[in-house]
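Novice: mind folding the following:
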Amino acid sequence: MTQASFPKLLSSQIAFDIARTILDGFDRHYALFRQASQAAKGHFERADWATAQRAARERIDFYDKRVQECVQILEDDYAPEELNDDTWRETKLHFIGLLSGLLKGHKRPELAESFFNSVSCRLLHRSYYRNEFIFVRPAVSTDYIETEEPQPTYRVYYPAADGLRFALRRIVTNFQLACPFADLDRDVALVEQRMIERFGLDRMEPNQQLHVLSSLFFRNKGAYIVGRAINGAREAPFVIPVLHGGDGTQSGLVLDTVLTEPDQILTLFSFTRAYFMVDMEVPSSYVQFLRSLMPKKPRSEIYTLLGLQKQGKTLFYRDFLQHLKHSSDEFRIAPGIPGLVMLVFELPSFPYVFKVIKDRYPPPKETTRAQIKEKYLLVKHHDRVGRMADTLEYSDVAFPLARFSDQLLEQLRRDAPSLLAIEGDRIIIKHLYIERRMVPLNMWLQDAERANDQARLEHGVIEYGNAIRDLVAANIFPGDMLYKNFGLTRQGRVVFYDYDEIEYLTDCQFRDIPAPRNEEDEMAAEPWYPVGKHDVFPEQFERFLLGNPKIRTIFMQHHAELLQRAWWQSHKERIQAGIVEDVFPYPQQIRFINKTNPAASPSTSCLETIQ
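Specialist: Below is the predicted model:
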């Protein structure tokens with residue numbers, strides 16, 4: 001394109017005005033997003049967990065609300081014929097100019113481009129989802145975007161100057177939390193000892209530094225200091241959790257531990273947990289920093305865990321399209337027991353599964369597609385406590401038809417014909433969910449038993465019970481507790497991923513099975529007592545979970561109380577009383593409470609009541 005033709009191309013005032021409207025809509029969205037993230041600090045300082053949880057749920061909906069607002073403005077201001085091909089092509093060019101034409105460029109161009117795509121796709125037909133009209137690839141670089149605020153993306157501390165303990169104390173106090181610590185000197189000394197043991201920071205080498213992100217990461221009842229230690233040529237991540245009252249008796253804040261192992265940090269930032277509340281002027285800088293701590297974690301997942309889930313979806317889909325170009329294997333039905341509600345398929349070379357809601361569900365399932373989507377939305381908004389997989393929801397996804405196995409295509413046509421459309425060499429799936437691939441727990445247990453691997457079998461059963469306990473602590477009753485509805489992550493954690501029967505624990509009625517009145521009752525095929533929609537009989541779990549004697553022995557040794565109505569009812573009553581249980585995203589044994597108060601009970605140590 002010549003310099004003379006460029007001004008002629010960008011001649012539409014309508015195109016410029018549309019671009020300006022979309023960018024203004026995004027800027028409004030991100031301003032509100034930052035306000036919510038900034039408010040998290042106050043919620044933490046006041047230990048106002050109810051408000052913190054509500055704010056985290058509400059923030060998830062900010063994006064779609066702003067997109068819809070922007071679409072409504074454009075539909076009100078312009079006739080459909082004004083939004084033609086030439087106008088929209090020029091609108092994209094104007095948008096690029098607005099992002100890069102500011103004094104120092106836009107601070108969040110990648111997010112603005114995704115917002116542009118979202119608005120465009122609400123207004124355009126699917127056939128226009130191509131590079132001329134939307135950002136299939138990023139147009140504005142996020143490299144070296146500078147912050148304009150006094151607060152940089154991360155602060156640098158030099159332990160060699162005044163000592164490691166002094167540097168660690170400065171790191172903590174620089175966050176200026178508006179509530180006192182119970183014993184900061186004690187906690188800093190414990191952090192120092194752990195970091196010396198892990199990183200050898202007592203051995204001074206050239207270029208010894210601590211880099212710490214300038215904003216705290218808030219989630220549930222914790223605030224997290226995220227950084228990396230540099231000692232010569234070595235670089236290692238660390239995260240310091242800050243909590244209220246570490247042993248349930250002392251008042252004030254505590255440094256609960258320091259996470260230094262890569263697996264511990266990956267678990268903290270897992271896709272099975274709620275999104276963090278983090279104030280970021282330049283999100284791409286935070287993503288770049290976090291990738292230096294977790295180099296194998298995709299950028300899409302990092303954006304998502306920061307609460308920027310739409311950007312996560314955008315990057316995930318770009319990665320998926322790139323993978324399709326460089327692979328040749330077929331999509332196929334995922335291994336495992338087929339579900340009654342979902343048809344699950346996979347691309348073996350890609351570490352995710354694709355889930356489609358079937359059109360019909362055989363008895364005893366009584367549900368609808370709308371109800372199932374509501375359950376998945378419930379999980380999206382809820383605290384997943386490391387035990388429920390986050391899902392990416394997509395509409396109108398195009399796949400290469402030639403890559404679908406005959407068996408998969410036949411099953412899709414039989415089970416979900418309303419969601420399929422064939423367009424030339426592409427198959428369009430109108431709605432689906434995408435999740436991280438996990439090993440189904442039933443298959444894990446079967447493999448462990450076939451291999452006579454007692455340790456593997458124990459791990460699966462114990463983790464299964466722990467997953468149930470964590471879900472209960474988050475006010476979640478999984479509904480269908482069969483092993484096939486749970487899977488194991490790469491870190492060996494058991495995670496629940498079948499949501500069509502999920503319920504809030506507080507909506508359930510936990511009951512004991514009444515004693516039979518006579519012999520006819522005892523021999524009856526159907527219950528002789530009334531059963532309500534939300535009635536749950538925990539003693540029945542034994543029938544469909546513990547038929548295997550080896551599994552039964554392990555389960556009864558570690559989780560026998562899960563078969564008792566009283567256990568479930570007591571947890572329901574605690575939640576109804578406003579008690580928010582702590583579910584720690586790291587092992588209990590690494591907490592400093594074990595050193596400062598060895599008698600403290602991990603299961604009852606950190607319970608706080610919402611006032």
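Novice: quick one: contacts for Y154?
Specialist: Residues near Y154 by CB atoms under 8 Å, 6 or more residues apart in numbering: 211-214, 227, 289. C-beta coordinates here come from the backbone N, C-alpha and C atoms, glycine included.
Novice: distance of F350 from Q322?
Specialist: F350 sits at a distance of 11 Å from Q322 (criterion: CB to CB, to the nearest Å).
Novice: who has more neighbours out of the two?
Specialist: Neighbour tally, F350 and Q322, criterion other CB atoms under 10 Å: the higher count belongs to F350, 17 against 10.
Novice: thought F320 was touching that one, still the case?
Specialist: Yes - using CB atoms under 8 Å, F350 is in contact with F320, at 7.2 Å.
Novice: pLDDT weak spots in the protein?
Specialist: Along the chain, segments meeting pLDDT under 70 span 1-11, 102-104, 125-132, 201-202, 204, 246-250, 521-522, 595-611.
Novice: please parse it into its domains.
Specialist: Using automatic domain parsing, the domains assigned to the chain come out as 8-128, 154-315, 327-437, 441-584.
Novice: so for V140, which of those sits nearest?
Specialist: V140 lies closest, by CB to CB, to one member of these: domain 8-128, at 3.8 Å.
Novice: any chance of the backbone angles for H211?
Specialist: Note on H211: backbone dihedrals following degrees, to the nearest 10 are phi -100, psi 130.
Novice: residue boundaries of the strands in the stretch 101-250 of the chain?
Specialist: 154-157, 209-213, 217-219, 222-231, 234-244 (DSSP state E, counting those that start in this stretch).
Novice: off-centre distance for the shortest one?
Specialist: Translated: strand 217-219. 13 Å (CA atoms, centre = their mean, to the nearest Å).
Novice: could you do stretch 492-508 as well?
Specialist: The answer for stretch 492-508 is 15 Å, by CA atoms, centre = their mean.
Novice: and the end-to-end length of that stretch?
Specialist: 30 Å (CA to CA, to the nearest Å).
Novice: from what I see, T51 and F44 are in contact.
Specialist: No - between T51 and F44 there is no contact under CB under 8 Å: 10.2 Å.
Novice: and these two? Which one has more around it.
Specialist: The residue with more neighbours, out of T51 and F44, is F44; 26 against 14, by other CB under 10 Å.
Novice: could I get the contacting residues of the more buried one?
Specialist: Counted by CB under 8 Å, 6+ apart, F44 has contacts 52, 177, 216, 218, 221, 223.
Novice: export these as a markdown table, with columns for neighbour count.
Specialist: Formatted as a markdown table, those follow (neighbours: other CB atoms under 10 Å):
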| residue | neighbour count |
| --- | --- |
| A52 | 23 |
| L177 | 16 |
| L216 | 21 |
| F218 | 23 |
| K221 | 20 |
| A223 | 23 |
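Novice: convert stretch 454-474 to PDB, retaining C-alpha atoms only.
Specialist: C-alpha atoms of stretch 454-474 as PDB (Å, rounded to 0.1, in the frame of the first residue of the first chain):
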ATOM      1  CA  GLN A 454      -1.300 -50.200  46.500                       C
ATOM      2  CA  ALA A 455       0.300 -46.800  46.800                       C
ATOM      3  CA  ARG A 456      -1.400 -45.600  43.700                       C
ATOM      4  CA  LEU A 457      -4.700 -47.000  44.800                       C
ATOM      5  CA  GLU A 458      -4.400 -45.300  48.200                       C
ATOM      6  CA  HIS A 459      -3.500 -42.000  46.600                       C
ATOM      7  CA  GLY A 460      -6.600 -42.100  44.300                       C
ATOM      8  CA  VAL A 461      -9.100 -43.000  47.100                       C
ATOM      9  CA  ILE A 462      -7.600 -40.600  49.700                       C
ATOM     10  CA  GLU A 463      -7.600 -37.700  47.100                       C
ATOM     11  CA  TYR A 464     -11.100 -38.500  46.100                       C
ATOM     12  CA  GLY A 465     -12.300 -38.100  49.700                       C
ATOM     13  CA  ASN A 466     -10.200 -35.000  50.100                       C
ATOM     14  CA  ALA A 467     -11.900 -33.500  47.000                       C
ATOM     15  CA  ILE A 468     -15.300 -34.200  48.400                       C
ATOM     16  CA  ARG A 469     -14.300 -32.500  51.700                       C
ATOM     17  CA  ASP A 470     -13.000 -29.400  49.900                       C
ATOM     18  CA  LEU A 471     -16.100 -29.200  47.800                       C
ATOM     19  CA  VAL A 472     -18.300 -29.300  50.900                       C
ATOM     20  CA  ALA A 473     -16.200 -26.600  52.500                       C
ATOM     21  CA  ALA A 474     -17.100 -24.400  49.500                       C
END
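Novice: mind listing what's buried in that stretch?
Specialist: Buried residues in stretch 454-474, defined by neighbour count with 16 or more other CB atoms under 10 Å: 456-474.
Novice: quick one on the thing from earlier: and of the strands of the stretch 101-250 of the chain, who's closest to K380?
Specialist: Across the strands of the stretch 101-250 of the chain, closest to K380 is strand 217-219 (CB to CB), at 15.2 Å.
Novice: point to the residue nearest the middle of this structure.
Specialist: Nearest residue to the geometric centre of the chain (CA atoms, centre = their mean): F271, 4.0 Å.
Novice: from F269, how far out is the residue lying closest to that residue once chain neighbours are set aside?
Specialist: Among residues not flanking F271 along the chain, D390 sits closest, at 4.8 Å (CB to CB, 6 or more residues apart in numbering). Separation of D390 from F269 (CB to CB) stands at 12 Å.
Novice: what do you get for L255?
Specialist: Relative to F269, and taking CB to CB, L255 is found at 19 Å.
Novice: then P80?
Specialist: 44 Å.
Novice: quick one: which of these two has more around it?
Specialist: Neighbour tally, P80 and F269, criterion other CB under 10 Å: the higher count belongs to F269, 21 against 8.
Novice: I figured the more buried one hits R291, correct?
Specialist: No - checked against CB under 8 Å, the pair F269 and R291 is beyond contact range at 10.9 Å.
Novice: so what sits against both of these two?
Specialist: 297, 302.
Novice: if we can go back for a sec, pick the most buried one from the domains of the chain.
Specialist: domain 154-315 (a mean of 19; mean count of other CB atoms under 10 Å).
Novice: what about I14, which helix or strand?
Specialist: Per DSSP states H and E, I14 falls inside helix 13-45.
Novice: quick check: closest non-adjacent residue to R165.
Specialist: Nearest to R165 is E192, by CB to CB, 6+ apart, at 4.9 Å.
Novice: same check, this time on I429
Specialist: V397 (5.1 Å).
Novice: and the contacts of the host helix or strand of the one you found?
Specialist: For V397, the host element (DSSP H and E) is strand 392-400. With CB under 8 Å, 6+ apart as the test, strand 392-400 has contacts from 126, 312-313, 316-317, 324, 331, 376, 380, 423, 425-435.
Novice: let's go with 10 Å and repeat that
Specialist: Here strand 392-400 makes contact (CB atoms under 10 Å, 6 or more residues apart in numbering) with 121, 126, 129, 271, 300, 304, 309, 312-313, 316-317, 320-321, 324, 330-331, 345, 347, 352, 354-355, 373, 376-377, 380, 419, 421, 423, 425-436.
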